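Enquirer: next input, structure requested:
(chains A and B)
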Amino acid sequence: MKWFRFVWRNATRSRRRSILMILSLATTFFLFCTLQTMLTALDSVTSFNTAQHRVVVTSRLSQIGTLPQAYEEQIRSLAGVAEVCGMTNFSGLYKDDHPDNFFAQYAVNARTVFDVFPELDVDETQRGAFLANPQSCLVHESLIERFSGDGWKLGSTVPLIGARYPVDPKLSIAGVFTAPAYEDVLIFHWESLDASLTAFSEYELFFAKAQDSAAMPRIIDEIDSRYLNSEYPTASMTEDIFQESTNESLATQRTVLQRLSMVLLVVMVLAGANAIALATRERVREISVLRTLGFTPGRVRVLVIAEACLLSLLGGALGCGGAWLLWEQAGPPSFLFLNFHVTAGTLLTGLALSVLVGVASGSVPAHRVATLPIVSGLRKVT
Amino acid sequence: MTEPLVQFQDVWRTYTRDKNEVPVLQGLSVEIGKGEFHAFMGPSGSGKSTLLNLVAGLDQPTKGAVLVDGVQLTGFNEAELANWRGKHVGFIFQLFNLIAVLTAFENVELPLLLTSMKRKERRERVKRALSIVGLEDRVEHYPRQLSGGQEQRVAIARALVADPSLLLADEPTGDLDSDSAKEVLELLQELQREQGKTILMVTHDLRAAAAASRVHYLEKGTLQPQVPASYAAILAEARGEKAHAQGAGR
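Expert: Model prediction:
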């Protein structure tokens, strides 16, 4: 007989209780992994490339307010500005309003987008094809994979339905980009949108690429001062701050998720401690017998904690495995987050925590039975 | 008497219950020679079990000294005491106290897991111990699949397997029918006679005490010079013609 077998036999002696404990831990670890996956997804949403010295210019009046197209050239002429790219969130639908069909669509200034966003990695030929055809678009490779069933590939047409703007563009896929920060994004020509609308000539925001980061505060000052008393005042900020403000609600969600995760951890420890305390209380006499046979208090502690760890690890493996199966194999809930993936890091964290939960929940009961006078333990009637 | 293995030197043990001091052993002095089989009798609360606990290092005397093979246990910490017990003492309980989720073989193997013994040697030792108690054909049986007598014999095998010099038996026949009790007592006598084990047995059962080579009587924490006359008669009867045998009084 090996020690593992001894621990296993003790851990599973009350089969119903062991199964219930494992299932309750599995449920909480499943929720924990899901929450952690949400957190990772939130982090990926906010992890845009902010090392490009970009200033974001938006409307001071409203987050979804627009700015005149003429601002683009005026901002470009400021000292220290390398290039400017106007952008409008089209917010259209693909096929229908089912969440599974949601993806982001931006109408951009195609002439400058690659200078302002050099991280958009597109094949030269495909880039040329995109620039040459105002009715074309570029899509992230994740969309090609996601809508392969709809026949998405180079040259195929993507029909969008206008929701915010009264136009239904039919866009030909000219190229595919791979920038990880822009997963599930489609970009197309702002000119084609402008041409379809009367009295438009507006952008939702501008990205001004600065020549260096030192120039950014001055550029922000100059832009906002210039339009302060105009009909379209601006609110400019670095891309970092823009991301933060845009994701303020996500930050709140992140805090809620983190706190829920902490609560779950406490619940796991308490549930585990309760089950282990019950199991050891029933075996006080038996553990005292082991101590008469020569088991030291230290060994008794290790054996009880090992039991708790074994059950907790089984619960952890079941819960984390369940989360991986559900979200990775059965399909992620795309309506919640763009990047909903159970990472290896999340799984490893879950398993490591399951061991910690075992140690935490087993320590107090282990200490109690290891330090109880043997004579008192032998008198216990079980 | 042979060289003493266990020595009680003016041992006192007092417990405090609800702020009251309750003396359990009062100046006990007795020696148990190597290879001897001693039984301790007495009414409930006379200090019999306390005496066993002191020998095993499960309890400490309030005053006086308990020496086992010349070693005084009072200086040991819990871990040292546990290691010492594992090597020198085998316990036999009234309620057998086998681990329900382990087979007979695994129960007997338990004390050996604490040693550095190789698996093969452990198996041989366990088989030998089970064969001594006549249960070599029950190795894979769980306690619930054994009779009371068989369970106690497994417990004796467990007490024997690490080859301790001292066996402590606390009412070993208290939960057995008369036939099983007889078998267990014969086994203990055999262990003393053939393997030279020193045995201390605490019992209420006069017929069990008769199996010992010497019987002591405790009353109110002190050792009486003689067993009560009514006990002596029954002991004599139990021992047949050996009414005046060595253990029937001091």
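Enquirer: can you name the residue of chain A nearest chain B?
Expert: Residue nearest to chain B within chain A: residue A:294 (2.2 Å; Cβ to the nearest Cβ). Just so you know, the C-beta spots here come from the backbone N, C-alpha and C atoms, and that holds for glycine as well.
Enquirer: residues contacting the closest residue to residue A:32 other than its chain neighbours?
Expert: Nearest in space to residue A:32, with sequence neighbours left out and distances taken as Cβ to Cβ, 6 or more residues apart in numbering or on different chains, is residue A:264 at 5.0 Å. By Cβ atoms under 8 Å, 6 or more residues apart in numbering or on different chains, the contact set of residue A:264 is A:28, A:31-32, A:35.
Enquirer: ok, now with 10 Å
Expert: Residues near residue A:264 by Cβ atoms under 10 Å, 6 or more residues apart in numbering or on different chains: A:27-32, A:35, A:353.
Enquirer: before we move on, back to that, how many neighbouring residues does the residue of chain A closest to chain B have?
Expert: Residue A:294 sits with 25 neighbouring residues when counted by other Cβ atoms under 10 Å in any protein chain shown.
Enquirer: tell me where chain B has strands.
Expert: B:4-17, B:20-33, B:37-41, B:63-68, B:71-72, B:89-92, B:166-170, B:198-202, B:214-219, B:222-224 (DSSP state E).
Enquirer: which residue ranges form the strands in the stretch 251-382 of chain A?
Expert: Shown for the stretch 251-382 of chain A, no strands are assigned by DSSP state E, counting those that start in this stretch.
Enquirer: tell me, what residue is most central in the chain?
Expert: You didn't say which chain, so I picked chain A. The residue lying closest to the centre of chain A (Cα atoms, centre = their mean) is residue A:41, at 0.7 Å.
Enquirer: wrong one, I was asking about chain B
Expert: residue B:168 (1.8 Å).
Enquirer: and that one, how far from residue B:197?
Expert: For residue B:168, the distance to residue B:197 equals 11 Å [Cβ to Cβ, to the nearest Å].
Enquirer: and for residue A:83?
Expert: In terms of Cβ to Cβ, residue A:83 sits 96 Å off from residue B:197.
Enquirer: checking the residue nearest to the centre of chain A next. Helix, strand or coil?
Expert: Taken by DSSP: H, G, I helix; E, B strand; the rest coil, the conformation at residue A:41 corresponds to helix.
Enquirer: can you check the pLDDT for it?
Expert: We have a pLDDT of 72 for residue A:41.
Enquirer: next: residue A:213.
Expert: So residue A:213 comes in at 84 (pLDDT).
Enquirer: I'd say it and residue A:238 touch.
Expert: Yes. Residue A:213 is within contact range of residue A:238, at 8.5 Å (criterion: Cβ atoms under 10 Å).
Enquirer: let me see the contact set for the residue nearest to the centre of chain B.
Expert: Contacts of residue B:168 by Cβ under 10 Å, 6+ apart are A:292, B:6, B:51-53, B:55-56, B:58, B:85, B:89-93, B:159, B:198-202.
Enquirer: follow-up on the earlier one: residue A:213 and residue A:238: which has the busier surroundings?
Expert: Applying other Cβ under 10 Å to residue A:213 and residue A:238 shows that residue A:238 carries more neighbours, namely 19 against 11.
Enquirer: what about that one, distance to residue A:215?
Expert: Distance from residue A:238 to residue A:215, by Cβ to Cβ: 11 Å.
Enquirer: with residue B:206 instead?
Expert: In terms of Cβ to Cβ, residue B:206 sits 106 Å off from residue A:215.
Enquirer: do residue A:287 as well
Expert: 72 Å.
Enquirer: joint contacts of residue A:213 and residue A:238?
Expert: Going by Cβ under 10 Å, 6+ apart, residues that sit against residue A:213 and also against residue A:238 are residue A:53.
Enquirer: list the contacts for the residue of chain B found nearest chain A?
Expert: Closest residue of chain B to chain A, Cβ to the nearest Cβ: residue B:86 (2.2 Å). For residue B:86, the contact set (Cβ under 10 Å, 6+ apart) comprises A:291-296, B:110-115, B:162, B:164.
Enquirer: buried subset of these, written for ChimeraX?
Expert: Entered in ChimeraX, the line below selects the buried ones among these, by 16 or more other Cβ atoms under 10 Å in any protein chain shown:
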select /A:291,292,293,294,295,296 /B:110,111,112,113,114,162,164
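Enquirer: show me the contacts of residue B:86 that map onto helices.
Expert: The helices, defined by DSSP state H, take in A:291-292, B:110-113 from the contacts of residue B:86.
Enquirer: for residue B:85, list the residues it contacts.
Expert: Applying Cβ under 10 Å, 6+ apart, the residues near residue B:85 are A:291-296, A:374, B:56-58, B:73, B:76, B:91, B:111, B:114, B:162, B:164, B:166, B:168.
Enquirer: the same query, at a cut-off of 8 Å, please.
Expert: A:292-294, B:56-57.
Enquirer: give the closest residue to residue A:86 in space, chain neighbours not counted.
Expert: Residue A:86's closest residue in space is residue A:203 (Cβ to Cβ, 6+ apart), at 3.5 Å.
Enquirer: my guess is the one you found contacts residue A:194. True?
Expert: No. Residue A:203 lies out of contact with residue A:194 (Cβ atoms under 8 Å); the separation is 9.4 Å.
Enquirer: who touches the closest residue to residue B:33 other than its chain neighbours in this structure?
Expert: Excluding its sequence neighbours, the residue lying closest to residue B:33 (Cβ to Cβ, 6+ apart) is residue B:2, at 3.7 Å. Applying Cβ under 8 Å, 6+ apart to residue B:2 gives the contacts B:33-36.
Enquirer: just checking, residue A:58 touches residue A:233?
Expert: No. Applying Cβ under 8 Å as the test, residue A:58 and residue A:233 come out as separate, 10.4 Å apart.
Enquirer: on that earlier part again, need the contacts of residue B:86 in TSV (columns: pLDDT and distance to residue A:272).
Expert: Listed next are those as TSV, based on pLDDT from 0 to 100; distance: Cβ to Cβ, whole Å:
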residue	pLDDT	distance to residue A:272
A:291	93	24
A:292	92	28
A:293	92	28
A:294	92	29
A:295	94	23
A:296	94	24
B:110	93	26
B:111	93	30
B:112	94	32
B:113	92	26
B:114	90	28
B:115	90	32
B:162	91	35
B:164	93	38
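Enquirer: picking that back up, of the contacts of residue A:264, closest to residue A:259?
Expert: Nearest to residue A:259 among these: residue A:35, at 9.8 Å, using Cβ to Cβ.
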